[in-house]
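# sharing a model prediction with you, sequence too.
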Amino acid sequence: MAAKTLTIDGKQISAEENETVLQAATEAGIKIPTLCHLEGVYDVGACRLCIVEIAGTPKLLPACTTKVAEGMEVKTDSERLRKYRRMILELLFAERNHVCAVCVSNGHCELQALAYSLGMEHVRYDYTFPKWSVDTTHRLFGMDHNRCVLCTRCVRVCWHIEGAGTKNVSGRGAKSKIITDLNQSWGTSDSCTECGKCVMACPTGALFQKGSTVGEMERDRDKLEFIVTAREKKQWIAD
Amino acid sequence: MIYHDLIAIKEKELAARKKIVLRCCLAAGCMSSDAKGVKEQLAKAVAEAGLQDQVEVRGVGCMKLCCEGPLVAADPQNALYVKVTAANAPSIVAALNGGQANAAQTNPDAAFFKKQFSIVLANSGVVDPERIEGYIAADGYQALHEVLHEMTPKDVVEAMVKSGLRGRGGAGFPTGLKWGTVAKSPSAKKYVICNADEGDPGAFMDRSVLESDPHSVLEGMAIAAYAVGADQGFIYCRAEYPLAIARLNLAIKQAKTLGLLGAGIFESPFNFNIDIRIGAGAFVCGEETALMASVEGKRGTPRPRPPFPAESGLFGCPTLLNNVETFANVPAIYRKGAEWFAGIGTEKSKGTKVFALAGKIKNTGLIEVPMGTPLRTIVEEMGGGAPDGGTIKAVQTGGPSGGCIPSQHLDTPVDYESLGKLGSIMGSGGMIVMDQTTNMVEIARFFMEFCMDESCGKCIPCRAGTVQMHHILDKIANRQATARDLAKLEELCDMVRNTSLCGLGQTAPNPTMSTLRFFRNEYEALLQPDPFGPHSNGAAKQPELATK
């Protein structure tokens, strides 16, 4: 495989062909904020937080889906990018009901962490306060749509790691909603294998283990990556 | 089918032509006001007058002046009857022999018709879209024969490059370059897709082309497929166009029966089939990657490009995706030559463009003009200006992705670059005229609401940004916003345009930005004083601090 040399934030790095800018940056120790990206599943480029500036390209491109190229000059941080990222977060906070103080993921939430790290101190837009439901019909897990950011990580792990295809998206625009099977309550789903990968994948408090209260919902993300890597490299070990 | 058979069909059709032809528009617009009944009554009146041997009553496609439908034209009398009812039919037939018709007439030599230059619409309103013989008589499928037998795929692509045709879906990407890229992509399986998911409010060009001349699109697709090496085509048509879908289905069936689609076309090794896929009502499915996802049977959401469809498209294969009007241009380019086509239009925009003229204008309908025609010619001479003594305030092009061009810029020539410079786009061809009564903030709010409803919800800037922009526009229109809200709106416009995933989000702020550029005073007139902010708009004094 041919190697590519590129510059990210002034740092000369080499990357394998077919790697994404995000992978190359991560290897080089350069952190790019992400939300819909999850190690172990394919990328969709939906959250737009990992947008970067690439010299010679008028458009901002998401690092997670942009492949490295020889001589590419990438800028992952600028006043403009920081402003856009903060605005994206503001839009997310105004979109649904993200109330950290009463959230199971308080303190372990990727959305919250991003807001801190990107310096989003205020939401300048009017909150929309939509009325979303909470589905607690499943034996083990619950889904609170008020805290969903529609990153579709749960959908992707359900289809592409577990292979169950229980989770999906219905509706469009602001009315988009993560659904179970044919838009039925989770507890009545025939296809759900109760593997819990969706809960592990969720960046916020939207998917949770039943019984967890404020701040108790911690997730083990490395497990997902481990499963995928083990599957690809055939490292399954019986125990 | 060999060339000789094609010519035989043409000659037979021409020989059977009767002396007098009554053309009755049977496109969706006229059909909605009983054009079918008109045609039946015309046929009956002809039979009653015993004129069957001399007069043909022909159902044809769009005759362009849609606001006056149903339309009936008499050849060679050169009479054009408007707003015809079934009751008018006997007198129209009587008028063929010197009688007086009691139906209203319009001048077929008026500027609306005379200033048109027809390539795409050459057969529209002339041939019967439900009979392949009519299209063949108008030299149809001859270009396909020539391409298959006289040219290599490489020649075909080169001719397309030479013609200078650019994509008519709105963005104006050079068609020849696109064909060349797909042709060079190494793959045993390739696809050709025709984008007939015309969703802009007020646009109906593609529908008219499909309803009036479906075979030109099929022939264009077949030529494209030969050029790029594809053997399967899809037409992705929105379900809201049932008549277009019915005529396409019929056209495909007829072409297959004659061996003009299918295996071994014109006794050559070239195979090509076309299937129709029907959209389920999502505007975003007009975006190419979302369209392909929809054809694959998946949720219609766009994905990041690259990879472009030309490298990895439908089912992961190289895919050529062009708009209806682009394909409809193709047969004429090969029949008359790339040089001929390149001689029409401006330096960078070749050929013609079809516009659906609508809004506050006298002559609503379909027009086709050479690129570079000034907007003023279109709206004032051809369109007849604003009705009821009104004045034109602005012209909106490009639908929810486009912008408003104010009346002081009416002398702008219509081409991709000039419209782009004014913050609008050529778009697929919707042209909405606005008069002095139009509230530009309302226009911006309308298009923002459209984009908000049609956002697929995948990327955050478009999904949540359009909601907030619409909310602020709503506040401005309701006189509840301050200068700070306006600043926020502009900031959001910039952000959504630069960070959204697909064209829908990237262009959603355009109507707002262009109305802000040219009609900022209308926004500012609605703003309320902001007692807390430094950005007072001057409309009211800051509340004075109480003195001790």
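Received the coordinates, thanks.

# helices of chain A, residue ranges please.
A:21-27, A:79-95, A:110-117, A:153-157, A:197-201, A:222-232 (DSSP state H).

# in the last one, which residues are buried?
Read that as helix A:222-232. Across helix A:222-232, burial judged by 16 or more other C-beta atoms under 10 Å in any protein chain shown covers A:224, A:227-228. The way it works is simple: take the backbone N, C-alpha and C, and place the C-beta from them, glycine included.

# please apply the same query to the first one.
Of the residues in helix A:21-27, those buried by neighbour count under the rule 16+ other C-beta under 10 Å are A:21-26.

# could you list the contact residues of chain B toward chain A?
B:282, B:284, B:299, B:303-304, B:306, B:452-461, B:463-468, B:471, B:488, B:491-492, B:495, B:498-501 (C-beta under 8 Å from any C-beta of the partner chain).

# residues near B:R58, how many?
B:R58 has 22 neighbouring residues, counting by other C-beta atoms under 10 Å in any protein chain shown.

# got the phi and psi for the residue in chain A that chain B sits nearest to?
Closest contact between chain A and chain B, by C-beta to the nearest C-beta, is at A:S176 (3.3 Å). Dihedral pair for A:S176: phi -60, psi 150, per degrees, to the nearest 10.

# can you classify the closest residue to it other than its chain neighbours as helix, strand or coil?
Distances taken as C-beta to C-beta, 6 or more residues apart in numbering or on different chains place B:G457 nearest to A:S176, at 3.3 Å, with adjacent residues excluded. What DSSP: H, G, I helix; E, B strand; the rest coil gives for B:G457 is coil.

# just checking, B:G457 touches A:L150?
Yes: between B:G457 and A:L150 there is a contact under C-beta atoms under 8 Å: 6.3 Å.

# the more surrounded of those two?
Using other C-beta under 10 Å, the more surrounded residue of B:G457 and A:L150 is A:L150, with 25 against 22.

# show me what contacts the more buried one?
The contact partners of A:L150, taken as C-beta atoms under 8 Å, 6 or more residues apart in numbering or on different chains, are A:46, A:169, A:176, A:178, B:457-458, B:460, B:463.

# the closest residue to A:C100 other than its chain neighbours and A:R147: what is the separation?
Spatial nearest neighbour of A:C100, excluding adjacent residues (C-beta to C-beta, 6+ apart): A:N106 at 5.0 Å. A:N106 sits 11 Å away from A:R147, taking C-beta to C-beta, to the nearest Å as the criterion.

# do A:L60 as well
Look at A:L60 and A:R147: by C-beta to C-beta, they are 28 Å apart.

# next: B:G134.
B:G134 is 61 Å from A:R147, by C-beta to C-beta.

# which of these two has more residues huddled nearby?
The neighbour comparison of B:G134 against A:R147 (other C-beta under 10 Å) goes to A:R147, with 25 against 20.

# now do the same end-to-end measure for stretch B:297-316.
14 Å (C-alpha to C-alpha, to the nearest Å).

# between the buried residues of helix A:21-27, which is nearest B:Y3?
Lowest distance from B:Y3 to the buried residues of helix A:21-27 (C-beta to C-beta) belongs to A:V21, with 54.3 Å.

# and the residue lying closest to the closest one once chain neighbours are set aside, what are its phi and psi?
Once flanking residues are discounted, A:V21 sits nearest to A:A63: 4.1 Å by C-beta to C-beta, 6+ apart. Per-residue torsions, A:A63: phi -60, psi -30 (degrees, to the nearest 10).

# taking the buried residues of helix A:21-27, tell me the two that lie furthest apart.
Using C-beta to C-beta, the buried residues of helix A:21-27 span at most 9.6 Å, a distance reached by A:V21 and A:T26.
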